[in-house]
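Enquirer: how would this look folded up:
(3 chains)
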Amino acid sequence: MPSTTASSNKGPKNACVPGAAPLAGLDFRAPAHALAPLLIGVTLLVDGVGGRIVETEAYGDADPASHSFRGRTPRNAAMFGPPGRAYVYRSYGVHWCLNLVCGAEGEGTAVLIRALEPTHGLEAMCARRGLQDERLLCAGPGRLAQALGIDGGFDQLPLDAPPFALLAPPADAPAPQVVSGPRIGITRAADVPWRFGEAGSRFLSRPMRGTG
DNA sequence: CCGGCGATCCTCT
DNA sequence: GAGGATCGCCGGG
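Expert: Below is the predicted model of the structure:
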């Protein structure tokens, strides 16, 4: 169904940018705790490889668990830049982890992508991970970064252009049931229920215990 | 199935 | 100089 009334001012901001990848209709100016559950069910691709987001965590303004809590540093600079870009950091000196910067510019908020249901480029992901087991390909922030080939060179890259792509779920797809619970692997603000996941998904990094 | 620990490196105290 | 927004392996129950 071609629309002759083309682009209204309600459309995505990047709708007319040549070469721009879709942003799945998401508004990255939203606060992290509001955006994080909306990302469940969205497909995340890097160079066409990736899957459906099934687990996220919000890291907010004045959040003691956030890398941005003690102010801007060289490592977390991406968090204080414009929303809609990547923040990639190295964890435990070994793993890379991907965040999507959101909120107001300079606020220092982001959403950590914790798990994907693999859907695109299974062969490439298995090769990078050295695994056959589909369930473990992207079940964790370090695992999914390895599967998608994400490293420090992806820090600060915009999410609305290659190699990144964010695809909204099909219009006829049932909305995923999203549950929340405490975030994983942190010591401060450990009770804040800012971990979000698709209920019943077998691709989570760990089972969701929390309430819906 | 579960808990413990080493890897590995950079950041901030 | 300590400690991670982690992972995978090892050992024991």
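Enquirer: where exactly do the helices run in chain A?
Expert: Counting by DSSP state H, residue ranges of the helices within chain A are A:32-38, A:122-129, A:141-148.
Enquirer: winner for burial among these?
Expert: Looking across the helices of chain A with neighbours counted as mean count of other Cβ atoms under 10 Å, the highest average goes to helix A:141-148: a mean of 25. Just so you know, the C-beta spots here come from the backbone N, C-alpha and C atoms, and that holds for glycine as well.
Enquirer: and the pLDDT for the residue nearest to A:Asp27 when sequence neighbours are not counted?
Expert: Taking Cβ to Cβ, 6 or more residues apart in numbering as the measure, A:Asp27 lies nearest to A:Leu35, with 7.8 Å between them; neighbours along the chain are not counted. Predicted confidence (pLDDT) at A:Leu35: the value is 98.
Enquirer: which other residues reach stretch A:91-98?
Expert: A:86-90, A:112-113, A:141-142, A:144-146, A:148, A:150-152, A:154 (Cβ atoms under 8 Å, 6 or more residues apart in numbering).
Enquirer: list the buried residues for it?
Expert: Of the residues in stretch A:91-98, those buried under the neighbour-count criterion (16 or more other Cβ atoms under 10 Å) are A:96-98.
Enquirer: what's the one residue in chain A that gets nearest to DNA strand B sitting at in phi/psi?
Expert: As assessed by Cβ to the nearest atom of the strand, DNA strand B sits closest to A:Thr73 within chain A, at 2.4 Å. In this entry, A:Thr73 is assigned phi and psi values of phi -140, psi 170 (degrees, to the nearest 10).
Enquirer: what count of nearby residues applies to it?
Expert: Burial measure for A:Thr73: 11 neighbouring residues, criterion other Cβ atoms under 10 Å.
Enquirer: again, but for the one 10 residues further on
Expert: Close neighbours of A:Pro83, defined as other Cβ under 10 Å, add up to 22.
Enquirer: can you tell me the closest non-neighbouring residue to it?
Expert: For A:Pro83, ignoring the flanking residues on the chain, the nearest one in space by Cβ to Cβ, 6+ apart is A:Phe28 at 3.9 Å.
Enquirer: how about the contacts made by the one you found?
Expert: Applying Cβ under 8 Å, 6+ apart, one finds that A:Phe28 lies in contact with A:35, A:83-84, A:100-103, A:159.
Enquirer: would you mind giving the residues you listed as a markdown table with distance to DNA strand B added?
Expert: Below are the contacts of A:Phe28 laid out as a markdown table (distance: Cβ to the nearest atom of the strand, whole Å):
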| residue | distance to DNA strand B |
| --- | --- |
| A:Leu35 | 24 |
| A:Pro83 | 20 |
| A:Gly84 | 22 |
| A:Leu100 | 20 |
| A:Val101 | 16 |
| A:Cys102 | 20 |
| A:Gly103 | 19 |
| A:Leu159 | 22 |
